[in-house]
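S.K.: what's the 3D shape of this:
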Amino acid sequence: MEFESVIGLEVHAQLKTKTKIFCGCSTAFGAPPNTQVCPVCLGMPGVLPVLNRKVVDYALKMAFATHCTVAGESQWARKNYFYPDLPKGYQISQFALPIAEHGHIVVQLENGAKRVGITRIHMEEDAGKLNHDSGGPFSMVDLNRTGVPLIEIVSEPDMRSPEEAGAYLRQIHALVRYLEICDGNMEEGSFRCDANISIRPQGQEEFGTRTEIKNLNSFKHVEKAIYYEIYRHREIIEDGGKVVQETRLWDPDRNQTFSMRGKEEAHDYRYFPEPDLLPLVIDNPWMEAIQATLPELPEAKKARFEKQYELPAYDAQLLTTSRDLADYFETAAGLCPDPKLASNWIMTALLGVLNTTGKTIDQSPVSAKDLAELVCLIKDNTISGKIAKTVFEAMVETGKNPKTIVEEKGLVQVTDLSAISAVIDAVVAENPGQAAEYKSGKTKLMGFFVGQVMKKTKGQANPNIVNEVLRKKLEE
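M.R.: Prediction:
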(Lines give C-alpha, C1' and ligand atoms only; values in the text may rest on other atoms or scores of the structure.)
Protein backbone atom coordinates (compact mmCIF):
# COMPACT_ATOMS: atom_id res chain seq x y z
CA MET A 1 0.00 0.00 0.00
CA GLU A 2 1.24 3.48 -0.87
CA PHE A 3 1.10 5.98 1.99
CA GLU A 4 1.16 9.76 2.10
CA SER A 5 2.66 11.60 5.06
CA VAL A 6 0.94 14.61 6.59
CA ILE A 7 3.15 17.04 8.53
CA GLY A 8 2.54 20.22 10.48
CA LEU A 9 5.01 22.28 12.54
CA GLU A 10 4.59 24.43 15.63
CA VAL A 11 7.51 26.87 15.77
CA HIS A 12 8.44 28.73 18.96
CA ALA A 13 10.52 31.87 18.40
CA GLN A 14 11.92 33.83 21.35
CA LEU A 15 11.53 37.54 20.69
CA LYS A 16 14.55 39.86 20.88
CA THR A 17 13.18 42.22 23.48
CA LYS A 18 15.47 43.50 26.23
CA THR A 19 12.90 42.77 28.93
CA LYS A 20 10.34 40.05 29.57
CA ILE A 21 6.77 40.04 28.33
CA PHE A 22 5.02 41.10 31.58
CA CYS A 23 7.81 42.59 33.73
CA GLY A 24 11.05 44.56 33.49
CA CYS A 25 13.48 41.66 34.05
CA SER A 26 16.27 41.18 31.52
CA THR A 27 16.04 38.49 28.83
CA ALA A 28 19.83 38.26 28.32
CA PHE A 29 21.08 34.71 27.83
CA GLY A 30 23.69 33.10 30.07
CA ALA A 31 23.17 34.94 33.37
CA PRO A 32 23.74 33.00 36.64
CA PRO A 33 20.63 30.97 37.60
CA ASN A 34 17.71 32.84 39.15
CA THR A 35 19.33 36.28 38.91
CA GLN A 36 16.93 37.74 36.33
CA VAL A 37 13.69 37.33 38.23
CA CYS A 38 11.21 39.46 40.15
CA PRO A 39 7.90 38.96 42.01
CA VAL A 40 5.95 39.19 38.73
CA CYS A 41 7.75 36.44 36.79
CA LEU A 42 8.09 34.37 39.98
CA GLY A 43 4.30 34.44 40.38
CA MET A 44 4.25 35.96 43.87
CA PRO A 45 0.80 36.67 45.38
CA GLY A 46 -0.71 40.08 44.65
CA VAL A 47 1.46 41.05 41.67
CA LEU A 48 0.01 42.03 38.29
CA PRO A 49 1.44 41.57 34.78
CA VAL A 50 2.04 44.62 32.55
CA LEU A 51 2.28 43.92 28.80
CA ASN A 52 5.50 44.83 26.99
CA ARG A 53 4.35 46.72 23.86
CA LYS A 54 7.48 45.72 21.92
CA VAL A 55 6.32 42.08 22.08
CA VAL A 56 3.13 43.02 20.25
CA ASP A 57 5.10 45.04 17.68
CA TYR A 58 7.28 42.01 16.92
CA ALA A 59 4.31 39.64 16.71
CA LEU A 60 2.64 42.04 14.26
CA LYS A 61 5.76 42.10 12.08
CA MET A 62 5.69 38.32 11.78
CA ALA A 63 1.94 38.36 11.12
CA PHE A 64 2.29 40.80 8.23
CA ALA A 65 5.36 39.00 6.83
CA THR A 66 3.36 35.75 6.67
CA HIS A 67 0.23 37.36 5.14
CA CYS A 68 -1.89 36.71 8.25
CA THR A 69 -5.12 38.46 9.17
CA VAL A 70 -4.49 40.48 12.32
CA ALA A 71 -7.23 40.52 14.94
CA GLY A 72 -8.40 43.98 15.96
CA GLU A 73 -9.04 42.50 19.39
CA SER A 74 -7.29 39.44 20.81
CA GLN A 75 -7.44 37.87 24.24
CA TRP A 76 -4.98 36.51 26.77
CA ALA A 77 -5.59 33.10 28.34
CA ARG A 78 -4.24 31.03 31.20
CA LYS A 79 -2.84 27.67 30.18
CA ASN A 80 -2.98 25.64 33.37
CA TYR A 81 -0.60 22.80 34.15
CA PHE A 82 1.76 21.83 36.95
CA TYR A 83 5.48 21.51 36.38
CA PRO A 84 8.41 22.55 38.60
CA ASP A 85 9.66 25.16 36.10
CA LEU A 86 6.28 26.98 36.04
CA PRO A 87 6.11 29.05 39.24
CA LYS A 88 2.56 30.39 38.77
CA GLY A 89 1.10 26.99 37.96
CA TYR A 90 -0.10 28.42 34.66
CA GLN A 91 1.37 30.03 31.55
CA ILE A 92 -0.05 33.23 30.09
CA SER A 93 -0.72 32.57 26.43
CA GLN A 94 -3.44 33.08 23.81
CA PHE A 95 -5.98 30.45 22.86
CA ALA A 96 -9.43 31.18 21.46
CA LEU A 97 -8.59 34.66 20.18
CA PRO A 98 -4.95 34.86 18.96
CA ILE A 99 -3.34 37.96 17.51
CA ALA A 100 -3.16 36.58 13.94
CA GLU A 101 -4.62 33.79 11.80
CA HIS A 102 -4.96 32.42 8.25
CA GLY A 103 -1.58 33.25 6.72
CA HIS A 104 0.87 31.48 4.44
CA ILE A 105 4.43 31.44 3.16
CA VAL A 106 5.90 30.15 -0.11
CA VAL A 107 8.82 27.73 0.16
CA GLN A 108 11.22 26.86 -2.64
CA LEU A 109 11.67 23.13 -3.34
CA GLU A 110 13.65 21.23 -5.97
CA ASN A 111 10.49 20.62 -7.98
CA GLY A 112 9.20 24.19 -7.66
CA ALA A 113 7.51 26.47 -5.15
CA LYS A 114 4.93 25.35 -2.58
CA ARG A 115 2.48 27.37 -0.52
CA VAL A 116 2.22 26.31 3.14
CA GLY A 117 -0.64 27.67 5.19
CA ILE A 118 -0.24 29.18 8.66
CA THR A 119 -3.12 28.48 11.01
CA ARG A 120 -2.29 31.04 13.68
CA ILE A 121 0.36 33.11 15.42
CA HIS A 122 0.00 33.80 19.11
CA MET A 123 2.09 35.33 21.90
CA GLU A 124 2.97 33.66 25.18
CA GLU A 125 5.49 33.62 28.00
CA ASP A 126 8.19 30.97 28.26
CA ALA A 127 8.59 28.63 31.22
CA GLY A 128 11.76 28.16 33.25
CA LYS A 129 14.39 25.48 32.80
CA LEU A 130 15.22 22.33 34.74
CA ASN A 131 18.89 21.42 35.07
CA HIS A 132 19.15 17.69 35.73
CA ASP A 133 22.03 16.63 37.95
CA SER A 134 23.55 13.44 36.57
CA GLY A 135 25.29 12.81 39.90
CA GLY A 136 22.18 12.79 42.08
CA PRO A 137 18.44 12.04 42.13
CA PHE A 138 17.35 15.65 41.83
CA SER A 139 17.00 18.57 39.42
CA MET A 140 17.59 22.28 39.91
CA VAL A 141 15.27 24.98 38.64
CA ASP A 142 16.50 28.11 36.83
CA LEU A 143 13.68 30.64 36.44
CA ASN A 144 15.63 33.24 34.42
CA ARG A 145 13.76 32.20 31.29
CA THR A 146 10.35 32.40 32.95
CA GLY A 147 8.39 35.22 31.31
CA VAL A 148 10.67 35.54 28.27
CA PRO A 149 8.40 36.46 25.32
CA LEU A 150 7.65 33.93 22.59
CA ILE A 151 5.53 33.76 19.50
CA GLU A 152 4.22 30.40 18.36
CA ILE A 153 3.71 29.96 14.61
CA VAL A 154 1.40 27.04 13.87
CA SER A 155 1.35 25.71 10.31
CA GLU A 156 -1.44 23.95 8.50
CA PRO A 157 -0.79 20.20 7.92
CA ASP A 158 0.26 21.03 4.35
CA MET A 159 3.70 19.41 4.20
CA ARG A 160 4.13 15.95 2.71
CA SER A 161 7.81 15.12 3.23
CA PRO A 162 10.67 15.78 5.66
CA GLU A 163 12.31 17.91 2.94
CA GLU A 164 9.24 20.15 2.70
CA ALA A 165 9.17 20.50 6.49
CA GLY A 166 12.88 21.39 6.51
CA ALA A 167 12.39 23.99 3.76
CA TYR A 168 9.42 25.52 5.61
CA LEU A 169 11.35 25.68 8.89
CA ARG A 170 14.35 27.32 7.20
CA GLN A 171 12.05 29.90 5.62
CA ILE A 172 10.45 30.74 8.97
CA HIS A 173 13.94 30.95 10.49
CA ALA A 174 15.04 33.33 7.73
CA LEU A 175 11.92 35.48 8.22
CA VAL A 176 12.36 36.03 11.96
CA ARG A 177 15.99 36.97 11.37
CA TYR A 178 15.14 39.30 8.45
CA LEU A 179 12.57 41.01 10.68
CA GLU A 180 15.17 41.16 13.51
CA ILE A 181 12.60 39.91 16.00
CA CYS A 182 14.46 36.69 16.97
CA ASP A 183 18.15 35.78 16.84
CA GLY A 184 17.27 32.29 15.60
CA ASN A 185 19.85 30.63 17.86
CA MET A 186 18.71 27.02 17.94
CA GLU A 187 21.47 25.86 20.28
CA GLU A 188 20.35 28.33 22.97
CA GLY A 189 16.70 27.34 22.44
CA SER A 190 15.51 30.69 21.09
CA PHE A 191 14.17 28.96 17.97
CA ARG A 192 12.70 25.48 18.29
CA CYS A 193 9.74 23.49 17.02
CA ASP A 194 7.37 20.60 17.58
CA ALA A 195 6.46 18.34 14.65
CA ASN A 196 3.09 16.64 14.14
CA ILE A 197 3.19 13.60 11.85
CA SER A 198 0.65 11.13 10.53
CA ILE A 199 0.32 8.94 7.44
CA ARG A 200 -2.68 7.88 5.39
CA PRO A 201 -3.28 5.68 2.34
CA GLN A 202 -2.65 7.52 -0.92
CA GLY A 203 -5.86 9.26 -2.01
CA GLN A 204 -7.56 9.17 1.41
CA GLU A 205 -8.82 12.54 2.68
CA GLU A 206 -9.15 11.63 6.34
CA PHE A 207 -6.02 12.13 8.43
CA GLY A 208 -4.35 9.23 10.18
CA THR A 209 -3.51 9.05 13.88
CA ARG A 210 -1.03 11.77 14.76
CA THR A 211 2.07 11.74 16.92
CA GLU A 212 3.88 14.86 18.12
CA ILE A 213 7.66 15.18 18.48
CA LYS A 214 8.58 17.87 21.01
CA ASN A 215 11.44 20.36 21.24
CA LEU A 216 13.41 19.83 18.05
CA ASN A 217 16.24 22.35 17.91
CA SER A 218 18.02 21.82 14.60
CA PHE A 219 17.01 21.54 10.96
CA LYS A 220 18.81 18.20 10.70
CA HIS A 221 17.02 16.78 13.76
CA VAL A 222 13.63 17.88 12.43
CA GLU A 223 14.10 16.10 9.11
CA LYS A 224 15.61 12.96 10.67
CA ALA A 225 12.90 12.72 13.34
CA ILE A 226 10.13 13.06 10.75
CA TYR A 227 11.76 10.42 8.53
CA TYR A 228 11.91 8.07 11.50
CA GLU A 229 8.30 8.65 12.52
CA ILE A 230 6.98 8.12 8.99
CA TYR A 231 8.91 4.84 8.82
CA ARG A 232 7.68 3.79 12.29
CA HIS A 233 4.03 4.54 11.43
CA ARG A 234 4.29 2.58 8.17
CA GLU A 235 5.84 -0.43 9.91
CA ILE A 236 3.09 -0.49 12.55
CA ILE A 237 0.27 -0.30 10.00
CA GLU A 238 1.79 -2.86 7.62
CA ASP A 239 2.19 -5.27 10.56
CA GLY A 240 -1.55 -4.95 11.29
CA GLY A 241 -1.20 -2.66 14.30
CA LYS A 242 -2.57 0.78 15.10
CA VAL A 243 -0.59 3.97 15.64
CA VAL A 244 -1.08 5.35 19.15
CA GLN A 245 -1.63 9.09 19.53
CA GLU A 246 1.17 10.26 21.80
CA THR A 247 3.90 12.80 22.41
CA ARG A 248 7.44 11.63 21.64
CA LEU A 249 10.99 12.94 21.99
CA TRP A 250 13.89 12.64 19.55
CA ASP A 251 17.12 10.95 20.62
CA PRO A 252 19.84 12.27 18.24
CA ASP A 253 22.40 9.76 19.56
CA ARG A 254 20.25 6.75 18.68
CA ASN A 255 18.51 8.43 15.72
CA GLN A 256 15.07 7.40 16.96
CA THR A 257 12.07 8.77 18.82
CA PHE A 258 10.79 7.46 22.16
CA SER A 259 7.50 7.92 23.97
CA MET A 260 7.17 10.85 26.36
CA ARG A 261 3.50 10.49 27.26
CA GLY A 262 0.44 8.80 25.77
CA LYS A 263 -2.93 10.32 24.94
CA GLU A 264 -4.40 9.18 28.24
CA GLU A 265 -1.67 11.14 30.04
CA ALA A 266 -1.99 14.27 27.87
CA HIS A 267 -2.51 17.53 29.71
CA ASP A 268 -5.92 19.10 29.93
CA TYR A 269 -4.81 22.73 30.01
CA ARG A 270 -8.23 24.09 31.09
CA TYR A 271 -7.77 27.36 29.23
CA PHE A 272 -9.74 30.33 30.46
CA PRO A 273 -9.42 34.12 29.88
CA GLU A 274 -6.60 35.78 31.82
CA PRO A 275 -8.39 37.96 34.42
CA ASP A 276 -5.36 40.21 35.10
CA LEU A 277 -5.00 41.44 31.51
CA LEU A 278 -7.46 43.36 29.39
CA PRO A 279 -8.18 42.22 25.82
CA LEU A 280 -5.53 43.52 23.42
CA VAL A 281 -6.94 46.10 20.98
CA ILE A 282 -4.85 46.89 17.89
CA ASP A 283 -6.14 49.82 15.83
CA ASN A 284 -5.36 50.71 12.21
CA PRO A 285 -2.72 53.40 12.98
CA TRP A 286 -0.77 50.83 15.04
CA MET A 287 -0.93 48.28 12.22
CA GLU A 288 0.09 50.85 9.60
CA ALA A 289 3.04 51.99 11.72
CA ILE A 290 4.35 48.42 11.96
CA GLN A 291 3.80 47.72 8.26
CA ALA A 292 5.90 50.78 7.44
CA THR A 293 8.88 49.27 9.29
CA LEU A 294 8.95 45.95 7.41
CA PRO A 295 12.20 45.32 5.49
CA GLU A 296 12.48 43.73 2.06
CA LEU A 297 11.66 40.08 2.73
CA PRO A 298 13.48 37.01 1.32
CA GLU A 299 10.97 36.24 -1.43
CA ALA A 300 11.04 39.79 -2.79
CA LYS A 301 14.82 40.07 -2.38
CA LYS A 302 15.37 36.82 -4.27
CA ALA A 303 13.29 38.06 -7.21
CA ARG A 304 15.18 41.37 -7.22
CA PHE A 305 18.59 39.65 -7.18
CA GLU A 306 17.60 37.58 -10.20
CA LYS A 307 16.51 40.68 -12.12
CA GLN A 308 18.98 43.35 -10.93
CA TYR A 309 22.13 41.22 -10.80
CA GLU A 310 21.08 38.64 -13.43
CA LEU A 311 21.74 35.78 -11.03
CA PRO A 312 20.42 32.24 -11.52
CA ALA A 313 17.52 31.28 -9.22
CA TYR A 314 19.83 28.96 -7.23
CA ASP A 315 22.32 31.75 -6.48
CA ALA A 316 19.58 34.20 -5.53
CA GLN A 317 17.92 31.62 -3.25
CA LEU A 318 21.14 30.81 -1.41
CA LEU A 319 22.29 34.42 -1.05
CA THR A 320 18.97 35.48 0.50
CA THR A 321 18.82 32.73 3.13
CA SER A 322 19.90 35.34 5.68
CA ARG A 323 19.73 39.10 5.74
CA ASP A 324 23.42 39.41 6.67
CA LEU A 325 24.48 37.21 3.74
CA ALA A 326 22.30 39.17 1.31
CA ASP A 327 23.76 42.46 2.59
CA TYR A 328 27.30 41.08 2.23
CA PHE A 329 26.64 40.13 -1.39
CA GLU A 330 25.05 43.48 -2.23
CA THR A 331 28.03 45.34 -0.79
CA ALA A 332 30.46 43.22 -2.82
CA ALA A 333 28.34 43.39 -5.99
CA GLY A 334 28.19 47.17 -5.76
CA LEU A 335 32.00 47.43 -5.71
CA CYS A 336 32.93 45.04 -8.52
CA PRO A 337 32.07 44.75 -12.24
CA ASP A 338 30.85 41.13 -12.14
CA PRO A 339 28.09 40.28 -9.59
CA LYS A 340 27.92 36.68 -10.80
CA LEU A 341 31.64 36.16 -10.18
CA ALA A 342 31.25 37.73 -6.74
CA SER A 343 28.34 35.34 -6.10
CA ASN A 344 30.50 32.36 -7.10
CA TRP A 345 33.27 33.33 -4.69
CA ILE A 346 30.82 33.89 -1.83
CA MET A 347 28.96 30.62 -2.37
CA THR A 348 32.03 28.41 -2.77
CA ALA A 349 35.22 29.82 -1.22
CA LEU A 350 33.77 32.07 1.48
CA LEU A 351 30.87 29.90 2.68
CA GLY A 352 33.23 26.91 2.57
CA VAL A 353 35.56 28.66 5.03
CA LEU A 354 32.68 29.77 7.26
CA ASN A 355 31.19 26.26 7.37
CA THR A 356 34.56 24.73 8.20
CA THR A 357 35.27 27.21 10.99
CA GLY A 358 31.70 27.35 12.31
CA LYS A 359 31.46 31.10 11.80
CA THR A 360 28.59 33.23 10.53
CA ILE A 361 28.81 35.77 7.72
CA ASP A 362 29.08 38.67 10.16
CA GLN A 363 32.21 36.96 11.56
CA SER A 364 33.76 36.55 8.11
CA PRO A 365 37.56 36.95 8.04
CA VAL A 366 37.17 38.50 4.55
CA SER A 367 35.19 41.72 4.25
CA ALA A 368 32.79 42.32 1.38
CA LYS A 369 35.02 45.20 0.22
CA ASP A 370 38.10 42.94 0.05
CA LEU A 371 36.21 40.18 -1.75
CA ALA A 372 35.04 42.73 -4.33
CA GLU A 373 38.65 43.89 -4.75
CA LEU A 374 39.72 40.29 -5.37
CA VAL A 375 37.06 39.96 -8.10
CA CYS A 376 38.29 43.20 -9.67
CA LEU A 377 41.87 41.85 -9.78
CA ILE A 378 40.62 38.78 -11.63
CA LYS A 379 38.52 40.80 -14.06
CA ASP A 380 41.32 43.21 -15.03
CA ASN A 381 43.73 40.28 -15.53
CA THR A 382 46.04 41.36 -12.70
CA ILE A 383 45.78 37.79 -11.36
CA SER A 384 44.36 34.55 -12.74
CA GLY A 385 41.59 32.53 -11.16
CA LYS A 386 44.15 30.01 -9.95
CA ILE A 387 46.32 32.68 -8.32
CA ALA A 388 43.16 34.18 -6.80
CA LYS A 389 42.66 30.99 -4.78
CA THR A 390 46.11 31.43 -3.26
CA VAL A 391 45.38 35.09 -2.56
CA PHE A 392 42.03 34.24 -0.94
CA GLU A 393 43.65 31.70 1.38
CA ALA A 394 46.16 34.37 2.44
CA MET A 395 43.31 36.85 3.00
CA VAL A 396 41.61 34.38 5.34
CA GLU A 397 44.84 33.69 7.25
CA THR A 398 46.18 37.24 7.53
CA GLY A 399 43.18 39.56 7.15
CA LYS A 400 45.14 41.60 4.61
CA ASN A 401 43.51 43.02 1.48
CA PRO A 402 44.19 41.24 -1.84
CA LYS A 403 46.29 44.00 -3.46
CA THR A 404 48.72 43.95 -0.54
CA ILE A 405 49.03 40.16 -0.73
CA VAL A 406 49.58 40.21 -4.52
CA GLU A 407 52.33 42.84 -4.17
CA GLU A 408 54.04 41.14 -1.21
CA LYS A 409 54.08 37.71 -2.87
CA GLY A 410 54.79 38.96 -6.40
CA LEU A 411 51.71 37.24 -7.78
CA VAL A 412 50.88 39.66 -10.60
CA GLN A 413 49.77 37.76 -13.68
CA VAL A 414 52.17 37.72 -16.64
CA THR A 415 50.40 39.10 -19.71
CA ASP A 416 53.44 40.20 -21.70
CA LEU A 417 53.17 38.36 -25.03
CA SER A 418 56.90 38.25 -25.72
CA ALA A 419 57.71 36.91 -22.25
CA ILE A 420 55.08 34.16 -22.55
CA SER A 421 56.25 33.29 -26.09
CA ALA A 422 59.82 32.87 -24.85
CA VAL A 423 58.69 30.42 -22.15
CA ILE A 424 56.57 28.50 -24.67
CA ASP A 425 59.51 28.23 -27.08
CA ALA A 426 61.63 26.79 -24.28
CA VAL A 427 58.95 24.25 -23.29
CA VAL A 428 58.46 23.07 -26.90
CA ALA A 429 62.23 22.78 -27.41
CA GLU A 430 62.53 20.69 -24.23
CA ASN A 431 59.77 18.30 -25.32
CA PRO A 432 60.26 17.57 -29.04
CA GLY A 433 58.66 14.11 -28.83
CA GLN A 434 55.39 15.42 -27.36
CA ALA A 435 55.41 18.27 -29.90
CA ALA A 436 55.66 15.76 -32.75
CA GLU A 437 52.85 13.64 -31.28
CA TYR A 438 50.64 16.72 -30.97
CA LYS A 439 51.22 17.57 -34.63
CA SER A 440 50.33 13.99 -35.59
CA GLY A 441 46.90 14.39 -34.05
CA LYS A 442 47.24 13.82 -30.28
CA THR A 443 45.72 17.18 -29.40
CA LYS A 444 45.05 16.14 -25.80
CA LEU A 445 48.73 16.87 -25.20
CA MET A 446 47.77 20.56 -25.13
CA GLY A 447 47.07 20.14 -21.41
CA PHE A 448 50.61 18.82 -20.87
CA PHE A 449 52.18 21.84 -22.58
CA VAL A 450 49.96 24.32 -20.73
CA GLY A 451 50.93 22.67 -17.44
CA GLN A 452 54.63 22.94 -18.26
CA VAL A 453 54.33 26.64 -19.15
CA MET A 454 52.36 27.38 -15.96
CA LYS A 455 54.96 25.48 -13.95
CA LYS A 456 57.80 27.58 -15.40
CA THR A 457 55.91 30.82 -14.75
CA LYS A 458 54.84 29.68 -11.25
CA GLY A 459 51.21 29.82 -12.33
CA GLN A 460 51.41 33.51 -13.18
CA ALA A 461 51.09 33.37 -16.97
CA ASN A 462 47.70 34.41 -18.34
CA PRO A 463 46.10 31.06 -19.27
CA ASN A 464 44.13 32.49 -22.19
CA ILE A 465 47.29 33.90 -23.78
CA VAL A 466 49.19 30.68 -23.05
CA ASN A 467 46.56 28.56 -24.81
CA GLU A 468 46.34 30.87 -27.82
CA VAL A 469 50.12 31.18 -28.38
CA LEU A 470 50.76 27.48 -27.72
CA ARG A 471 48.22 26.37 -30.26
CA LYS A 472 49.74 28.60 -32.95
CA LYS A 473 53.30 27.43 -32.24
CA LEU A 474 52.42 23.72 -32.11
CA GLU A 475 50.52 23.94 -35.38
CA GLU A 476 53.29 25.76 -37.26
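
S.K.: center of the chain, which residue is that?
M.R.: The centre of the chain sits closest to residue 170, judged by Cα atoms, centre = their mean, with a distance of 5.0 Å.

S.K.: tell me which residues touch that residue, please.
M.R.: Neighbouring residues of residue 170 by Cβ atoms under 8 Å, 6 or more residues apart in numbering: 219, 321. Heads up, the C-betas are built off the backbone N, CA and C, glycines and all.

S.K.: can you name the element that comes right after the helix or strand where it lies?
M.R.: For residue 170, the element it lies in under DSSP states H and E is helix 162-178. Counting by DSSP H and E, the element after helix 162-178 in chain order, helix or strand, is strand 191-201.

S.K.: for that next one, packing partners?
M.R.: Where contact means 3 or more Cβ pairs under 8 Å, 6 or more residues apart in numbering; DSSP states H and E, strand 191-201 is packed against strand 3-14, helix 162-178, strand 211-216, helix 219-238.

S.K.: could you redo the last one with a cut-off of 6 Å?
M.R.: Strand 191-201 makes packing contacts with strand 3-14, strand 211-216, helix 219-238 when contacts are defined by 3 or more Cβ pairs under 6 Å, 6 or more residues apart in numbering; DSSP states H and E.

S.K.: residues contacting the first one, please?
M.R.: The contact list for strand 3-14, computed with Cβ atoms under 6 Å, 6 or more residues apart in numbering, reads 148, 150-155, 157, 159-160, 165, 172, 176, 182, 190-200, 202, 207, 230, 234.

S.K.: if any of the residues you listed are buried, put those into a ChimeraX selection.
M.R.: Typed into ChimeraX, the line below selects the buried ones among these, using 16 or more other Cβ atoms under 10 Å:
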select :148,150,151,152,153,154,155,157,159,165,172,176,182,190,191,192,193,194,195,196,197,198,199,200,230
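
S.K.: from memory residue 202 sits against residue 1, does it?
M.R.: No - using Cβ atoms under 6 Å, residue 202 makes no contact with residue 1, being 7.8 Å away.

S.K.: longest strand of the chain?
M.R.: strand 112-125 (DSSP state E).

S.K.: could you list the buried residues of it?
M.R.: 114, 116-125.

S.K.: over to stretch 162-182?
M.R.: Residues of stretch 162-182 classed as buried by neighbour count (16+ other Cβ under 10 Å): 162-179, 181-182.

S.K.: then stretch 358-367?
M.R.: Within stretch 358-367, judged by 16+ other Cβ under 10 Å, the buried ones are 361, 364, 366.

S.K.: stretch 209-217 too?
M.R.: Buried residues in stretch 209-217, counted by 16+ other Cβ under 10 Å: 209-214, 216-217.

S.K.: for that stretch, give the mean pLDDT please.
M.R.: The average pLDDT within stretch 209-217 is 92.

S.K.: then stretch 316-330?
M.R.: 94.

S.K.: and it, end to end?
M.R.: With Cα to Cα, to the nearest Å as the measure, stretch 316-330 spans 11 Å from end to end.

S.K.: and if you look at stretch 17-27?
M.R.: Terminal-residue distance, stretch 17-27 (Cα to Cα): 7 Å.

S.K.: check stretch 175-184 too.
M.R.: Start-to-end span of stretch 175-184 (Cα to Cα) is 10 Å.

S.K.: distance from it to the middle of the chain?
M.R.: Centroid displacement of stretch 175-184 relative to its chain, using Cα atoms, centre = their mean, to the nearest Å, is 10 Å.

S.K.: thinking again about what came up before, which ones among the buried residues of stretch 358-367 map onto helices?
M.R.: If you go by DSSP state H, the buried residues of stretch 358-367 have nothing in helices.

S.K.: tabulate those residues (CSV), appending pLDDT and distance to residue 105.
M.R.: Output for the buried residues of stretch 358-367, formatted as CSV (pLDDT from 0 to 100; distance: Cβ to Cβ, whole Å):
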residue, pLDDT, distance to residue 105
361, 94, 23
364, 96, 28
366, 96, 32
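
S.K.: which one among those residues gets closest to residue 466?
M.R.: In terms of Cβ to Cβ, no member of these lies closer to residue 466 than residue 366, at 28.8 Å.

S.K.: over to the closest residue to that closest one other than its chain neighbours. Which of the three states is it?
M.R.: Once flanking residues are discounted, residue 366 sits nearest to residue 395: 5.1 Å by Cβ to Cβ, 6 or more residues apart in numbering. Following DSSP: H, G, I helix; E, B strand; the rest coil, residue 395 is assigned to helix.

S.K.: low-confidence stretches in this structure?
M.R.: Within the chain, the ranges that satisfy pLDDT under 70 run 262-267, 412-417, 476.

S.K.: partner residues bridging the closest residue to residue 193 other than its chain neighbours?
M.R.: Leaving out its chain neighbours, the residue that sits closest to residue 193 by Cβ to Cβ, 6+ apart is residue 11, at 4.5 Å. Here residue 11 sits in beta bridges with residue 153, residue 193, going by DSSP bridges.

S.K.: do the same with residue 123
M.R.: Bridge pairing for residue 123 (DSSP bridges) gives the partners residue 151.

S.K.: tell me how many other residues surround residue 318.
M.R.: If you count neighbours by other Cβ atoms under 10 Å, residue 318 ends up with 19.

S.K.: give me the three-state assignment for it.
M.R.: Counting by three-state DSSP, the backbone at residue 318 sits in helix.

S.K.: got a list of what it touches?
M.R.: If you count contacts by Cβ under 6 Å, 6+ apart, residue 318 has them with residue 347.

S.K.: how close does it get to residue 100?
M.R.: Residue 318 sits 29 Å away from residue 100, going by Cβ to Cβ, to the nearest Å.

S.K.: do residue 69 as well
M.R.: From residue 69 across to residue 100, the span is 7 Å (Cβ to Cβ).

S.K.: what does residue 441 give?
M.R.: Noted for residue 441: a distance of 72 Å to residue 100, by Cβ to Cβ.

S.K.: higher neighbour count, these two?
M.R.: Neighbours around residue 441 and residue 100, counted as other Cβ under 10 Å, are more numerous at residue 100. The numbers are 27 against 8.

S.K.: re earlier: is it true that the residue nearest to residue 366 touches residue 364?
M.R.: No - between residue 395 and residue 364 there is no contact under Cβ under 6 Å: 10.3 Å.
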